[in-house]
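Asks: 3D model of this:
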Amino acid sequence: MKRRLLLLLPLAGFLVLAVFLYRGLSIDPASRDSALMARPFPAFRLTTLEDPGRTLDESLLKGQVTLVNVWGEWCPTCKQEMPQLLELAERGVRLVGVDYKDTREKGREFLAEFGNPFEVNLFDPEGSLGFDLGVYGAPETFLVDAEGVIRYHHTGYITPQDVERVILPEVAKWQD
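Replies: Residues are numbered from 1 along each chain as shown. As a prediction, the model looks like this:
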């Protein structure tokens with residue numbers, strides 16, 4: 001009897017492990033919350049994509065509600081998202097881009113081809129700001145309130161439905 005119990009122990013351990021792994025695989029990574037929610041936007045000093053001689057810092061994000069969109073030329077879903085970002089800019093939403101792990105030339109070519117909805121694009125070739133934001137892939141978008149505090153995090157590309165159902169209501173909530 002004792003020997004039979006010892007033989008069932010590895011099987012029971014395997015079943016417990018299988019349940020935990022199955023549960024982990026069923027979790028949608030896009031639904032994760034940012035660890036920076038309700039915290040100030042991380043400090044940074046980056047040049048702009050447009051002008052390598054112009055350096056900006058986190059004070060750029062103070063004074064009005066801003067969507068900060070992390071994108072890259074190498075990112076296929078960033079191309080899909082661009083019409084929605086252009087629409088948001090046309091509707092008066094302030095957008096700041098972060099060209100993430102890219103080259104200046106490729107980033108500029110991307111914007112020339114797909115449009116530029118951004119008031120300014122920060123150039124983050126090493127991914128330092130992306131790292132501080134906890135970005136694990138592009139696109140990711142952060143809503144920053146007028147005091148420079150992160151209030152919403154959108155993982156993945158913004159769909160046309162997200163514009164009306166999620167993004168515009170979030171922007172309105174923090175503009176009041």
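Asks: residues in a beta bridge with the residue most central in space within the chain, which ones?
Replies: Per CA atoms, centre = their mean, the C-alpha nearest to the average position across the chain is that of Glu140, at 1.8 Å. Under the criterion DSSP bridges, Glu140 forms beta bridges with Val70, Thr155.
Asks: can you check Val98 too?
Replies: Under the criterion used (DSSP bridges), Val98 bridges to Val70, Leu122.
Asks: could you count how many residues lie near it?
Replies: 30 (other CB atoms under 10 Å). From N, CA and C alone the C-beta is placed, and that goes for glycine too.
Asks: now do the contacts for it.
Replies: By CB atoms under 8 Å, 6 or more residues apart in numbering, the contact set of Val98 is Val68, Asn69, Val70, Trp71, Asn121, Leu122, Asp124, Leu129, Gly130.
Asks: widest-spaced pair of those?
Replies: Asn121 and Gly130 (13.5 Å; CB to CB).
Asks: show me the shaky parts of the chain.
Replies: Along the chain, the parts satisfying pLDDT under 70 run over 1-35, 176.
Asks: from Met37, how far off is the closest residue to Thr103 other than its chain neighbours?
Replies: Residue nearest to Thr103 in three dimensions, not counting chain neighbours: Pro125, with 6.9 Å by CB to CB, 6 or more residues apart in numbering. Distance, Pro125 to Met37, using CB to CB, to the nearest Å: 27 Å.
Asks: same question, Pro52
Replies: Counting by CB to CB, the gap from Pro52 to Met37 is 32 Å.
Asks: and what of Ser59?
Replies: Taken as CB to CB, the span from Ser59 to Met37 is 21 Å.
Asks: more neighbours: which of Pro125 and Met37?
Replies: The neighbour comparison of Pro125 against Met37 (other CB under 10 Å) goes to Pro125, with 15 against 12.
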